[in-house]
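pasted the sequence and its predicted model underneath.
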There are 2 protein chains.
Amino acid sequence: MSKPRGRPARGDGITREQILDAALLLLEEGGGQGVSMRALAAQLDVTPMSLYHHVSDHTALLRAISDRVYASVLDDDAAGEVPVVRIRSLLIRYHGAVSDFPQLTLAIFAQPAAFAGVTRDITDRLIALLEVLTKEAELWLDILIDHAHGNALAFQALRDHPRQAASMRTRYLQALDQLLARLA
Amino acid sequence: MSKPRGRPARGDGITREQILDAALLLLEEGGGQGVSMRALAAQLDVTPMSLYHHVSDHTALLRAISDRVYASVLDDDAAGEVPVVRIRSLLIRYHGAVSDFPQLTLAIFAQPAAFAGVTRDITDRLIALLEVLTKEAELWLDILIDHAHGNALAFQALRDHPRQAASMRTRYLQALDQLLARLA
DNA sequence: ACCTGAACACCGTTCAAGT
DNA sequence: ACCTGAACACCGTTCAAGT
């Protein structure tokens, strides 16, 4: 029943990659109160403590997950397009990431000190694009990012109502376009 | 050392009011991961289980707290003023409540199913005011509320930097005015 | 009606013991 | 290097026992 105590044979044992994969899976389905070390370990058929050999901390785990999630936001930035279009596509992908994993977003904001710099690249690119269009780039950065975050929270509130959630996506797009139209 | 087992003498024992007071206190200072039943009980010099005689649940406790916090938002609505001014003052008070208790806000959003209707009165009043000013009242409700929420989250991120937090308040006001100016 | 103590099922994390 | 088991300090919550 119980596993041997020592180091497992080569090829057994757990990878950091496998941990992150399982964590994302738990995050998507479980929804509950987030990924716990113990539940994650059970998912991987391993004792909780073995995770600490690959991840230093629970918040380090969350940071690793969010790094992975937000990395995809920076891909495919419609590089050839006009600034407004690039801003729009960047925000839509950011909003998508944030509202696909609302529990992760909440966890990050619950202890923000540990997550400085995770979304740094995104805001850096956004502000560079905004500076082309307006003198008050920082103000509009605040508005657009805050709006994405707040909307993602409202999203979370409709988690159990998929039909309303779908219309929420289009409402975000409407609001975003309304804001962008007033930017110039 | 240990208290007697039975019902305490008249005047001893705990009130629901005292529980909420202590909970708000813990919320303000502790900041940490929110108010736990056990920490709250310790604060009141009582066993955790005695709380369940006055509050049915941990989420019921949070709901009671948030009812109290948000009730003050509806006071003093500058009733004589123009709609824009009333909207502005309402949102500023709402933003204040939300960012004074970011941990509460996060807790509420973490399990939103239990909190439908808490902020209902606020959105009702807001939308009534918005309908005077624009045909797209619901769209602007989304924008303004989401903005307040998102900004409150960003606020939380600066919890340990009071100086930056102070300038954040004025930045919220700037952004709010920018949005309201584009409403008409 | 209202409190206590013991108990159950969870957390994150440390530490020593194993291979 | 990497896993286990036991342990510590936390959670929320239930249930029986006390007055």
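Sure thing, it's come through. None of the values given here were measured: they were computed from a predicted structure. Numbers count the residues shown, from 1 in each chain, chains lettered A, B, ... in the order given.

counting neighbours, what do you get for residue A:180?
Neighbourhood size, residue A:180 [other Cβ atoms under 10 Å in any protein chain shown]: 17. C-beta: built from backbone N, CA, C; applies to glycine.

could you look up the SS state of it?
Secondary structure, DSSP: H, G, I helix; E, B strand; the rest coil: residue A:180 is helix.

who's in contact with it?
Counting by Cβ atoms under 8 Å, 6 or more residues apart in numbering or on different chains, residue A:180 touches A:84, A:87-88.

which of the residues you listed ranks first by neighbour count?
residue A:87 (25 neighbours).

that one: what's it in contact with?
A:126, A:129-130, A:133, A:144, A:180.

so residue A:12 bridges to which residues?
residue A:10 (DSSP bridges).

and the strands in chain A, which stretches?
Using DSSP state E, chain A contains no strands.

around DNA strand C, pick out the residues from it.
A:4-7, A:35-39, A:48-49, A:52, A:57-59 (Cβ under 7 Å from any atom of the strand).

among these, which are in helices?
Under the assignment DSSP state H, the residues of chain A next to DNA strand C contribute A:37-39, A:58-59 to helices.

select only the buried ones of these in PyMOL?
Provided next is the PyMOL selection string for whichever of these are buried by 16 or more other Cβ atoms under 10 Å in any protein chain shown:
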select buried, chain A and resi 37+39+58+59
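
any idea of the pLDDT on the residue in chain A positioned nearest to DNA strand C?
Per Cβ to the nearest atom of the strand, residue A:6 is where chain A lies closest to DNA strand C, at 2.1 Å. On the pLDDT scale, residue A:6 is placed at 76.

same question, the one 10 residues further on
As summarised for this prediction, residue A:16 has a pLDDT of 95.

next one: residue A:158
66.

with residue A:121 instead?
89.

ok, it - contacts?
Neighbours of residue A:121 in contact, by Cβ under 8 Å, 6+ apart: residue A:74.

tilt between the worst-scoring helix or strand of chain A on mean pLDDT and helix B:102-110?
Of all helical and strand segments in chain A, the minimum by mean pLDDT, DSSP states H and E falls on helix A:102-110, at a mean of 85. Orientation of helix A:102-110 against helix B:102-110 (axes from the mean of the first three to the mean of the last three Cα atoms, to 10 degrees) gives an angle of 180 degrees.

which residues sit against helix A:102-110?
A:27, A:31-34, A:62, A:65-66, A:69, A:98-99, A:115, A:118, A:149, A:152-153, A:155-156, A:159, B:33, B:102-103, B:106, B:109-110, B:153, B:156-157.

tell me where the model's unsure across chain A.
A:1-2, A:10-11, A:30-32, A:118, A:157-162, A:184 (pLDDT under 70).

what's the neighbour count on the residue in it positioned nearest to DNA strand D?
Nearest residue of chain A to DNA strand D, counting by Cβ to the nearest atom of the strand: residue A:13, 2.7 Å away. Residue A:13 sits with 13 neighbouring residues when counted by other Cβ under 10 Å.

that one: what's it in contact with?
The contact partners of residue A:13, by Cβ under 8 Å, 6+ apart, come to A:7, A:50.

need the phi and psi values for it.
phi 80, psi 180 (degrees, to the nearest 10).

go on, residue A:36?
phi -100, psi 150.

can you name the residues of chain A that neighbour chain B?
Chain A has residues A:33, A:103, A:106, A:109-110, A:112-113, A:136, A:139, A:142-143, A:145-151, A:153-154, A:156-157, A:159-160, A:171, A:174-175, A:178-179, A:182 near chain B, with proximity defined as Cβ under 8 Å from any Cβ of the partner chain.

just the buried subset of those residues, please.
A:103, A:106, A:109-110, A:112, A:136, A:142-143, A:145-151, A:153-154, A:156-157, A:159, A:171, A:175, A:179.

just to revisit the earlier point, among the contacts of residue A:87, who's most crowded?
residue A:144 (26 neighbours).

and the residue nearest to that one when sequence neighbours are not counted, what is it in contact with?
The shortest distance from residue A:144 to any non-neighbouring residue, by Cβ to Cβ, 6 or more residues apart in numbering or on different chains, is to residue A:91 (6.0 Å). Contacts for residue A:91 (Cβ under 8 Å, 6+ apart) come out as A:126, A:144, A:148, A:176.

all helices of chain A, in order?
Going by DSSP H, chain A shows helices at A:16-30, A:37-43, A:58-71, A:83-100, A:102-110, A:120-133, A:137-157, A:162-181.

send the alpha carbons of stretch A:101-114 over as PDB?
Backbone C-alpha positions of stretch A:101-114 (Å, rounded to 0.1, in the frame of the first residue of the first chain) are rendered in PDB as follows:
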ATOM      1  CA  PHE A 101      -8.600  31.900 -13.600                       C
ATOM      2  CA  PRO A 102     -10.400  34.200 -11.200                       C
ATOM      3  CA  GLN A 103      -9.400  32.200  -8.200                       C
ATOM      4  CA  LEU A 104      -5.700  32.600  -9.100                       C
ATOM      5  CA  THR A 105      -6.300  36.300  -9.600                       C
ATOM      6  CA  LEU A 106      -7.900  36.600  -6.200                       C
ATOM      7  CA  ALA A 107      -5.000  34.700  -4.600                       C
ATOM      8  CA  ILE A 108      -2.500  36.900  -6.200                       C
ATOM      9  CA  PHE A 109      -4.300  40.100  -5.100                       C
ATOM     10  CA  ALA A 110      -4.600  38.700  -1.600                       C
ATOM     11  CA  GLN A 111      -0.900  38.800  -1.100                       C
ATOM     12  CA  PRO A 112       0.300  41.200  -3.700                       C
ATOM     13  CA  ALA A 113       3.700  41.800  -2.200                       C
ATOM     14  CA  ALA A 114       4.900  38.500  -3.500                       C
END
